[in-house]
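predicted model and sequence follow; I will ask about them next.
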There are 2 protein chains.
Amino acid sequence: MTTDTQDLLSINTIRTLAMDAVQQAHSGHPGAPMSLAPVAYQLWQQELRYDPSHPIWPDRDRFILSNGHASMLLYALLHLAGVKRVTRDYKVEDALSVSLEDIQKFRQLDSSTPGHPEYRWTSGVETTTGPLGQGVANSVGMAIASRWMGEHFNKPGFDLFTHDVYAICGDGDLMEGVASEAASIAGHLKLGNLCWLYDSNHISIDGSTDLAFTEDVGKRFEGYGWRVLHVPDANDLTVLGEALHTFKTLRNNQPTLIIVTTQIAFGAPKLQGSSKAHGEPLGDEEIKGTKRNYGWPEDAKFLVPDGVRERFQERVGARGKKLREAWDARFVEYQKQFPELADELVRMQGREAPKGWDSELPTFPADAKGMATRESSGKVLNAVAKNHPWLVGGSADLNPSTKTYITTSESMKPGEFKGRNIHFGVREHAMGSIVNGLCLSKVRGYGATFLIFSEYERPAIRLSSLMELPALHIFTHDSIGLGEDGPTHQPVEQLASLRAIPGLIVLRPGDANEVVEAWRVIGQQKSHPVVLVLTRQAVPTLDRTKYGAASGVAKGGYVLADAAGGKPEVVLIGTGSEVQLCLDAHDKLTAEGIASRVVSLPSWELFEQQSQEYRDSVLPPNVRARVAVEKGAAFGWERWVGFQGGIVAMRSFGASAPIKALQQKFGFTVDNVVKVAKDTLAKNKA
Amino acid sequence: MTTDTQDLLSINTIRTLAMDAVQQAHSGHPGAPMSLAPVAYQLWQQELRYDPSHPIWPDRDRFILSNGHASMLLYALLHLAGVKRVTRDYKVEDALSVSLEDIQKFRQLDSSTPGHPEYRWTSGVETTTGPLGQGVANSVGMAIASRWMGEHFNKPGFDLFTHDVYAICGDGDLMEGVASEAASIAGHLKLGNLCWLYDSNHISIDGSTDLAFTEDVGKRFEGYGWRVLHVPDANDLTVLGEALHTFKTLRNNQPTLIIVTTQIAFGAPKLQGSSKAHGEPLGDEEIKGTKRNYGWPEDAKFLVPDGVRERFQERVGARGKKLREAWDARFVEYQKQFPELADELVRMQGREAPKGWDSELPTFPADAKGMATRESSGKVLNAVAKNHPWLVGGSADLNPSTKTYITTSESMKPGEFKGRNIHFGVREHAMGSIVNGLCLSKVRGYGATFLIFSEYERPAIRLSSLMELPALHIFTHDSIGLGEDGPTHQPVEQLASLRAIPGLIVLRPGDANEVVEAWRVIGQQKSHPVVLVLTRQAVPTLDRTKYGAASGVAKGGYVLADAAGGKPEVVLIGTGSEVQLCLDAHDKLTAEGIASRVVSLPSWELFEQQSQEYRDSVLPPNVRARVAVEKGAAFGWERWVGFQGGIVAMRSFGASAPIKALQQKFGFTVDNVVKVAKDTLAKNKA
C-alpha cells in the first residue's frame, strides 16, 4: 500500500462529498461512489490525459461512468479537478462545471448535478448514463472513433488522435445484453485503447449478486477476446496502478477488463457491504460513523480539505494542460501543412457538415417502375459519403438488404480502422449505442437494420435524442410491404412509437427524390437524431413537373397534388410507400368529380416546426374530411385527421404472404382509399 | 458414420422439401434447413419425447427453432412426424398441422406455413421465432417452467413434469444481447434440462462470421456455467448422438451447449458455404445439382420417399405415444390421489384461472394520504398469489422498488425451483422473453421493472402480444413523478408506445381500488398480455361512496365525478396519478360554476372494446371541450380530445428534481389544469 496521506485525503473527500450530497438531497446513491473513489482517483491521477481547463480538447482520454447512479463520484471528480463550464456552442468559460454549491444542490431543478450524469448539461460528462449497459456500449463507439480519427487525421509527426477510453461499470452494466454485445464487438475489433473497470462489489439492489449473477465474468470476457486483470482490493492503489499500467503498455491488441473487488459504502460502520447503501441516503448517524472511520471531522459537511484541489491540479490538471497545449501547438503546424484536414477537424468539432457535402446529391428522373427507397437511399448515402469524410457506420449484419455500405471505402477489420464501414453483427442494441459513442466523439455515425428491429435498439435511440446527438438510424423494410417474412418482421406500431420520442426526427420519404431531400435534412442536423424509414419494395419515382417539389420534405409536409383551384373537399395524407396510393386514389376521385388534395407528410416533427400559416396552407382548417393512409398502426393519426377524418392503417399485426395479397387483406388498395375518402366526405357533409 | 440409408433418406427429404418450398414461394431461407437437417433429425429420432398425435401433451419435450428463418426445417419435421392440428381452444383434431399441400403453399396467405414459425397458428410450433435471440431466451423460461411444475405437481411415483427443452440457434441468436442475458441466468440457475444446439456455419448475411463474430463462444458459455460440447461435422450422426446422450445423462447440474459445425446449404454445388444461400431461393439449376449430389431424382419436387414417414413414426411417434399414454394413465391415478392438484393442472392447461383466485382481493378504505399504486399492487399481488398457485415471476433486480415479491413463497435458487420468485438480475430483455417462455408452458408468468426499462424489453412484449400470451409485465416508477432520478429514468413516450402495440392491454390504475380492479382484469386474461403501470409516489385512495365505483376499470374508462345533472360543459380525462389532479381541478371548476366531469381512463384498449353507447355515455359526443391529463407524452391523446380539446402532458424529456418542482415545471398543477380547461371551453364556445 503506497497510499500517501494526500491520496487518502483526496479519496475520502470524494467519498464524503458523495455522502453529504445524497443526504442533503434526501435521495441518491452513496454506496458506489464510496467504494469506487480510489479506483477513479487512481485512474485520474496516474493515467487520464485530460485537461480540466479545456474539457472538449478533441484528443482527451474519455472517462465514462457507466453506472450513472454513482453520479456523485463523477461530480466530485469534476469539481476537484476544476473542470470548466462549456457552452452549448462549444465555448469554454471560466466558471466551473460543478461548483461546491452545485454539489450542495445535488438532484435539484436546474443544478448542474442531476440524479444521473447528463451530456450537454454538465461539461465533463462524456455521455448520459443511468440506463445500465449504455455507457460501456458508448465507450466502444468512442474507442472506435479514436482509432478511426487517428487513421484519418494522423500524419507522420502529427499524432492528433491517440486517446484511450475508460469506463467504470458495475454488475448491472455487465448483466445487460447491450454490454455483452458491445464487449463482443470490441474484442472482435481488437480495441486495445479501451479499458473497462468493473466494480465487483457483489451487491445488487435485491441483495447479494449470488441471487442472480454467479457467472465467471473474467472467463466470459476472455471468450470475447479481452485481456482480464484482477485487483483484489479497490483500496490498494499500487495494484490498481499496476493494472492500469498494464493496460497502457499492452494497449494495442485487445481491450482490457480490470475486475476490481470493492466494498459498497466502504467505511460505513453498519452499511458497508449492504444493498441498503445502494440507493438511499446513509442517514446522519451512519455518516458520522463513517467519517470517524475515515478520520474525518464528523460534523463537517461538504468539506474539501486544503491540498486536495491542489493534488488534483498537480496530478491531473498540470499533466493534462501540458499535453493539450502541446497538441494545440502541433495543430497550429498541422493547419499549415494539412489545411484541408485541419478544416475538417475544426468543422467536425463544431458539428458542422463538411464544405460541399451535398454537392453531388443526385436527382432521380421520373420513373413509373421506380425503385425501393432503401435503394435510392443507398445511392444518396454514397453520394453524400464521397464528400462527407466523417460519415461512418454500418448495419447489423444486413448490408445486402439495407444498402448502407459506403462503396468508396472499406470495412473496419480487427485492428484496422481505416474503413468507414462497420460490421456490427446481429447486435442492433449495441449498434445504436456505438453510433451514439461515435457521435459523442463528433464522428457522424449511422446504423442500419430493419424497422422492426428498431425495437431492439430503442434505449439507444432514446439516448440519441436525450443527448441531442445528430445520430442517424436507418431502418428499411418498413411495413407489411416486406411481404412473406410475416408478422415477426413486419413493423406496425414502430412508426408511432418512434414519433412519440421527444426531439427525434422521423423521416419516411415517399420516393427517390424525397429520399434526396431527406438526406439534405439529415446532413444539416447538429443536435437532433434522425430516423430514416425506407421501403423494401419499389415505389415509383414521381414526375415532379406534375407534382409538388420534393424540397417540401424539409418542411415535413407539403401539397403534392391538388384539386382544381386549390379547393379540396377531402385531403389524403400519405407517407412513404403510401404516397403513390394516395395519388392513385386522387386520380380516381378526380375522375369521379370529387375535389381532393394529396399531402405528403414524411416528417411530423418537421411539419410541426413550421408556422401555423404554412401548416394551414397544407391542411386547411376548414377541410375536416381528411384521410390518413399509412401501412403502420393507426395510433396517433388522429392528430391530423381529428374525430371527423378517416384512417387507412394497420389495426393488427401483419401476415405472411406476397405483398399484393397483404395490400388486399389490410385495405391498402386504391378502391379502399377511395371508399374511405367518400365515407369521410359523407360523414362530414351529414 | 452410422447413417443408415433410411436416416439419409429422411434427412434429404427435409432438405429437398425446404429447397422446393422456398423455390416455389420465390422467397425464404433454404440454407439453414439444409445444414441443420441431420441435427434436428438425430435429436427427434434419438431423444425427443414428443407425441405427434398429441402435440399439447403437457410433459412433452420442447423443441424450439430459434433461428426462425429456417422455418422450413420445422415444417418439414412437423409434416413428416405427422403432427396433428390443435384448435385454439386446445382440442386435438385428426387433420395434420402441416400437410404436404401446406408446404407447397409456404409463405402464402392463410397457409399453416408462414415465413417464420408462429405459435397458435401452426400446432407443433412451440414459440414464435424470427426476431433473433428470442427463441433461446424463451427456452430458458420453458426449462424453468418444467422444473417448477415438477416441484409443484410431482409426487412420489407420479413424475408428471420431467421434460427437457431443446433449442436450435444460429450465430445471429448468439450475437443478440437477449440470448447472452438468458444464457447467464440459465447457467446461474443450473438448468440441467436445457440444451441449445448451435448451428455454427461461419456464415452470416454480410458474409463470413469473420467480419463481426470471432469470439470464442464455447469459452463464453463456460463462463456462464454451461457444459460445452463440440460436434465437428453436422453430418456425423454418431457424434451428434453421443453429444445428445451426454446432455441427457448429465442433465442435472448445468445447461448444455452443443456447438455443431455445419455447412450452410449442404450439398449445393455452388452455394454450399455461401451467404447467398441464406435468404433467397437457390434457383432451379442449383436445386437440380443439389438433388443430384443427394442421389435424388433431380426433377422430383416435394418428394417424400416411401419409408420416410414410417421412419418418423417408428423413431418418434411410437416412442412419444407410448410415453404420453403412460403419462395419461399416471394422471388418471393422480387425479384420484391428488384431485386438487390434478384440477389445477387441467385448469392451467386450458389457461383457466384457479378456482377462487380472486377470493381474497382486498378493498382499500378511503385515505387522503393513500399509497403508491406499486405499493397497493404489491398487496394485491400477494392476495392473488395466495390462491393462484401458478403465478410465478419476479423483477429485474428491483424487488424493493417494484413490490412484486410473493412473500408466502421463496426465491428460486440454483438447482432449486420450488420458489415462485425469480431473481432475473439486471436483465430486462431476457426477463420479458423468459416470462413468455413460462406462459408458453402455461405458467402464469410475470416480470417487473421500472416503466422506462420497458424499452429494454419491448421485443419480448411485442411477442407476448403476437403470441396471444397472458403474460403480465408490471412497470413501476411510471412518470416524472419519480423525481430526482431525472430524465434517464423518467418515462415520457413509453405509455404511448406501449398502447400502440396491437392486442396489448395497458392498465394504469389511479388509486388502490383501481389497482384491485386492474388485477381482476389481469386474472381473467387468457390470450392478451397486460402491462400494469404503477406509480412510485403515493396517490390518495378515493372515497368510493363519493365517486364512481372502481369496477369501472373493467370497462377501461368510466365516470368518476360528474357535473350536476350529468351535463358537463367540459370533460377532464385522467389516468393513474393524474386522476386526483383532475378531481381537484373539477372541484375548483365546480366552485367557479363551471360544469365538469372527470373520466378515469385506465385502459384505452378495454374502453375501445365497449359498445359505442357506453363510450358515448362516458364521453358525450357533443361535448368537445375535453382535456386529457397524463404525465406522459401527449402523443396519441388526440384520439380522445380531437382538434378542439386540450392536452396537459409532456412535450419533452423530464428533469432531475423533487416531484413538486417537476409538477410545477411541467404544468401538472390544479391551476394549470383549470386554466387549460377554461381555455378549451372558451375555444369551443368561440
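Received it, and whenever you're ready, just let me know what you need. Numbers count the residues shown, from 1 in each chain, chains lettered A, B, ... in the order given.

of all the residues in chain A, which one is nearest chain B?
With C-beta to the nearest C-beta, the shortest gap between chain A and chain B falls at A:Gly177, namely 2.1 Å. (C-beta placed from N, C-alpha, C; glycine too.)

measure A:Ala32 to A:Gln494 for me?
Distance from A:Ala32 to A:Gln494, counting by C-beta to C-beta, to the nearest Å: 36 Å.

what about stretch A:507-522, average pLDDT?
What stretch A:507-522 shows for mean pLDDT is 98.

and it, does that touch chain B?
No: using C-beta under 8 Å from any C-beta of the partner chain, stretch A:507-522 stays clear of chain B, coming no nearer than 15.7 Å.

next one: that stretch to chain centre, how far?
Offset of stretch A:507-522 from its chain centre (C-alpha atoms, centre = their mean, to the nearest Å): 22 Å.

mind listing what A:Ala183 touches?
Counting by C-beta atoms under 8 Å, 6 or more residues apart in numbering or on different chains, A:Ala183 touches A:136, A:140, A:196, A:221, A:224, A:226, A:255.

and with 6 Å instead?
Going by C-beta atoms under 6 Å, 6 or more residues apart in numbering or on different chains, A:Ala183 touches A:Tyr224.

downstream of the helix or strand hosting it, the next helix or strand is which one?
For A:Ala183, the host element (DSSP states H and E) is helix A:177-189. Under the assignment DSSP H and E, the closest C-terminal helix or strand after helix A:177-189 is strand A:194-200.

now A:Asp562, nearest residue through space, not along the chain?
Excluding the flanking residues, the one nearest A:Asp562 by C-beta to C-beta, 6 or more residues apart in numbering or on different chains is A:Arg597, at 4.9 Å.

list the contacts for the one you found?
A:Arg597 makes contacts with A:562-563, A:568, A:571, as judged by C-beta under 6 Å, 6+ apart.

so which of the residues you listed wins on neighbours?
A:Val571 (28 neighbours; other C-beta atoms under 10 Å in any protein chain shown).

give the bridge partners for that residue, please.
Judged by DSSP bridges, the bridge partners of A:Val571 are A:Arg597, A:Arg626.

you'd agree A:Tyr50 is in a helix?
No: the assignment for A:Tyr50 (DSSP: H, G, I helix; E, B strand; the rest coil) gives coil, which keeps it out of a helix.

which residues touch it?
Here A:Tyr50 is in contact with A:60-61, A:320 (criterion: C-beta under 6 Å, 6+ apart).

from those residues, which single one is nearest B:Val39?
Of all those, B:Val39 sits closest to A:Asp61, with 47.6 Å by C-beta to C-beta.

ok, the closest one - contacts?
A:Asp61 is in contact with A:48-50, A:163-164, counting by C-beta under 6 Å, 6+ apart.

kindly recompute the last result at 7 Å.
A:48-50, A:163-164, A:166 (C-beta atoms under 7 Å, 6 or more residues apart in numbering or on different chains).

most surrounded residue in those residues?
Counting neighbours by other C-beta under 10 Å, the top entry in those is A:Tyr166, with 27 neighbours.

so that residue touches A:Cys195, yeah?
Yes: counting by C-beta atoms under 7 Å, A:Cys195 is a contact partner of A:Tyr166 at 5.0 Å.
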